[in-house]
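Participant: here are the coordinates; sequence isn't available:
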């Protein structure tokens, strides 16, 4: 029985392992192969005079990054990683790697991001890169389980849609037989229809698509969005759910991903404390203006402003009470001061992670707000009908999985948080 | 505090609830409102002479399917559903439904599927329809948790791709800036690249897209696929994982979805026993031929043949050892008889649920097999490269979430298992 490399200890005495040749060193009478699997690295020590000719031939054939398997005796040794080595009785090359490799996996040679992404199957073999995706998996697991425990129903809404969520920009058009269709920018309108359908609490973790022309270190054209919507709830209920969801992801990573954090060199991983502080939009533009990034009511927060406010806050925080003009048509304005609305952003000191709001559930007001954005309500008939036949008040948010991972691990480029990123210039591999 | 309707019992004495007006009956001095939320139905009894004029006015305003909230005293009564009723002290219409409704929610009037799907937000309010999606959620939860426990990493692979998984047919083309792109038919090639990347075990639950022209009761143009891939594994390892995954979904539903099964009128829900029986393709065509659906080696199993074999088997089962010619290029043939391959289908007596196989991990053989299908290996360079630099043997499968739910609940049309189906003619809502 093959065992994971991290389970190979002197205590097991014998082991059968398989993995990739991470490094090879020939010291004359001795050859060392460092063999890597998802769980760790093991030194396989080959005393040339003591092994069979078959083993010797296989070792000679085992180029770097070849897949091999071997079985033999495990011995304690202080000189090898993890304090143990395996001396093989059998060793076989399962899949020989051609030479030279298009990308160095041992991380001794630095490659630029484009070269790495072109050869992503090799890049992902690096323990440091693989660790990112173990942590991404842990985050999504923690979030799914938290929401299930909170009685959310997981849903899958269509990615091929006939209308834009927020109007006509930034859409990928699609030939859907004889019809015009698009890739969905967000499950927003579908989540809301499910509130009318009585689903009460839903979440979706799925692909979203934005045909944004600009190419930055924090935008993707295809991303994974974590979306929730809850009925009989206001923006404060949605914010509470959000801070708990985010804290649960951090707590899960702290508890279960110690090895991955160590591989990434993260020694000061902190689980954020809830509740996150709340400041109003008005306070945010005051802080930004005082910090040298002047803003007036109605401005969006620039990247520079986000940085100024983030530095001052020093932790994750909410910005509430946004100008209605800056938010999508489906946002609920305050009844007594309609120039401000029940929207919020959740911010990491580095950048925005989440947009959310109590939504407008009143049909006539929604039609007005669609018109006020210069859109035609007829194009949204499929979405507006549910509001005419019993729609509860509701609130929700969308959290970008990549931004969550990027800020959690302090990655410099959002592409580092996606297996196979899609951007303005990249649609392969 | 609002409580779910299923928690309203005489023991709570007072309750605050919110929901949709399911039915209304006026008996002169008494009005009954049946109020529905996701969890159940409650009779709200209004003795006209004993309530405030505000409550009376609200009751008059509360058309069927309006959203209301009310608070009052809970009393035991044998005459009402669940043996209790609520007599409201306050009652408020939150969102009034227009009349007439475009679709009857009480299930007294039957509507055809198209009308139902056009008004899906109303259709989904029917307890019987809602129950399907509670069970779908339970299945995906059970499967996710089972695979996480088996040390699978959940991944998200791109939906926008530059090359077809299995050649050029059945693809939705896409305008991706200045490039040609498609919606992915399956995460197959990406899952395999992750095996080369050392991920060892991955799963994905995500959207897949097939531009199939035909419109049947068991095909969708957008569906949710549950995909796994595992390294150092053969087709038997993959089959074992699959039968355990499916059995875990059934067991979870049996344990946690009693109410939903009852709502659906399912009284004989059975968890399948593992292992599922295995028959070879050769045995399957013999059974089919003997049953009046003649097939010869190399034929695909027709719908009629599936039915004949399914009736004979009477349970979920595997068909193994398929003709290599009938399977995709990435399937591993048997070394000693290459006309047969390490592929399997998992069958429900009604239809196929899953295709899987040990994959071909040998670069030269894969190139040959791509050519043998009349495809050009150059188009698959991004996929083939990983096989040149260390690819472990691996196996996996893809299970359609909709077919799993459809067969589990004996639904007649696969559209019943999707919130907002996409077919040849439908791209909205």
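Facilitator: Sure thing, it's come through. Computed from a predicted model, the values in this text were never measured in an experiment.
Participant: For the stretch 251-400 of chain A, which segments count as strands?
Facilitator: For the stretch 251-400 of chain A, the strands defined by DSSP state E, counting those that start in this stretch cover A:278-280, A:317-323, A:333-334, A:337-348, A:351-358, A:394-400.
Participant: if I read this right, residue A:140 contacts residue A:203, doesn't it?
Facilitator: No. In this structure, residue A:140 is not within contact of residue A:203 by CB atoms under 8 Å, at 11.1 Å. Using the backbone N, CA and C atoms, a C-beta is placed for each residue, glycine as well.
Participant: Give me the common contacts of those two.
Facilitator: Counting by CB atoms under 8 Å, 6 or more residues apart in numbering or on different chains, the common neighbours of residue A:140 and residue A:203 are residue A:226.
Participant: higher neighbour count, those two?
Facilitator: Comparing residue A:140 with residue A:203 by other CB atoms under 10 Å in any protein chain shown, the one with more neighbours is residue A:203, at 26 against 23.
Participant: Make sure the more buried one is indeed in a strand.
Facilitator: Yes. Assessed with DSSP: H, G, I helix; E, B strand; the rest coil, residue A:203 lies in a strand.
Participant: so it makes contact with residue A:151?
Facilitator: No. Residue A:203 lies out of contact with residue A:151 (CB under 8 Å); the separation is 10.6 Å.
Participant: which SS class is the residue of chain A positioned farthest from its centre?
Facilitator: Distance to the chain centre peaks in chain A at residue A:49, reaching 49.8 Å (criterion: CA atoms, centre = their mean). Using three-state DSSP, the structure places residue A:49 in coil.
Participant: which one is it nearest to, not counting chain neighbours?
Facilitator: residue A:29 (6.7 Å; CB to CB, 6 or more residues apart in numbering or on different chains).
Participant: for the one you found, what are its contacts?
Facilitator: By CB under 8 Å, 6+ apart, the contact list for residue A:29 reads A:47, A:48, A:49.
Participant: Surely the first one and residue A:28 touch.
Facilitator: It stands for residue A:47. No. The pair residue A:47 / residue A:28 is not scored as a contact, 10.8 Å apart, by CB under 8 Å.
Participant: neighbour-wise, which of those two wins?
Facilitator: Shown here are residue A:47 and residue A:28; by other CB under 10 Å, residue A:47 has more neighbours (10 against 6).
Participant: contacting residues around that one?
Facilitator: By CB under 8 Å, 6+ apart, the contact set of residue A:47 is A:29, A:30, A:87.
Participant: Please name the bridge partners of it.
Facilitator: residue A:30 (DSSP bridges).
Participant: Distance check, it against residue A:90.
Facilitator: 15 Å (CB to CB, to the nearest Å).
Participant: cool, and residue A:69?
Facilitator: According to CB to CB, residue A:69 and residue A:90 sit 8 Å apart.
Participant: again with residue A:13
Facilitator: 16 Å.
Participant: try residue A:234
Facilitator: Distance, residue A:234 to residue A:90, using CB to CB: 66 Å.
Participant: likewise residue A:21?
Facilitator: 16 Å.
Participant: So which of these two has more stuff around it?
Facilitator: A side-by-side neighbour count of residue A:21 and residue A:90, using other CB under 10 Å, places residue A:21 first with 23 against 14.
Participant: My guess is residue A:65 contacts residue A:20. True?
Facilitator: Yes. If you go by CB under 8 Å, residue A:65 and residue A:20 touch, sitting 5.5 Å apart.
Participant: need the contact list for residue A:87.
Facilitator: Counted by CB under 8 Å, 6+ apart, residue A:87 has contacts A:44, A:45, A:46, A:47, A:50, A:72, A:73, A:75.
Participant: Quick check: residue A:174 is in a strand.
Facilitator: Yes. Residue A:174 sits within a strand when classified using three-state DSSP.
Participant: what residues are up against the nearest residue to it once chain neighbours are set aside?
Facilitator: Closest residue in space to residue A:174, ignoring its immediate chain neighbours: residue A:181 at 4.6 Å, by CB to CB, 6+ apart. With contacts defined as CB under 8 Å, 6+ apart, the neighbours of residue A:181 are A:160, A:161, A:162, A:173, A:174, A:175, B:427.
Participant: ok, residue A:270 - how many residues close by?
Facilitator: Neighbours of residue A:270 (other CB under 10 Å): 9.
Participant: Please name the nearest non-neighbouring residue to it.
Facilitator: Closest to residue A:270 by CB to CB, 6+ apart is residue A:250, at 7.7 Å.
Participant: Isn't that neighbour up against residue A:272?
Facilitator: Yes. With contact defined as CB under 8 Å, residue A:250 and residue A:272 form a contacting pair (6.0 Å).
Participant: Residue A:103 in helix, strand or coil?
Facilitator: Secondary structure assignment for residue A:103 (three-state DSSP): coil.
Participant: just checking, it touches residue A:117?
Facilitator: No. Look at residue A:103 against residue A:117 with CB under 8 Å: they stay out of range, at 10.1 Å.
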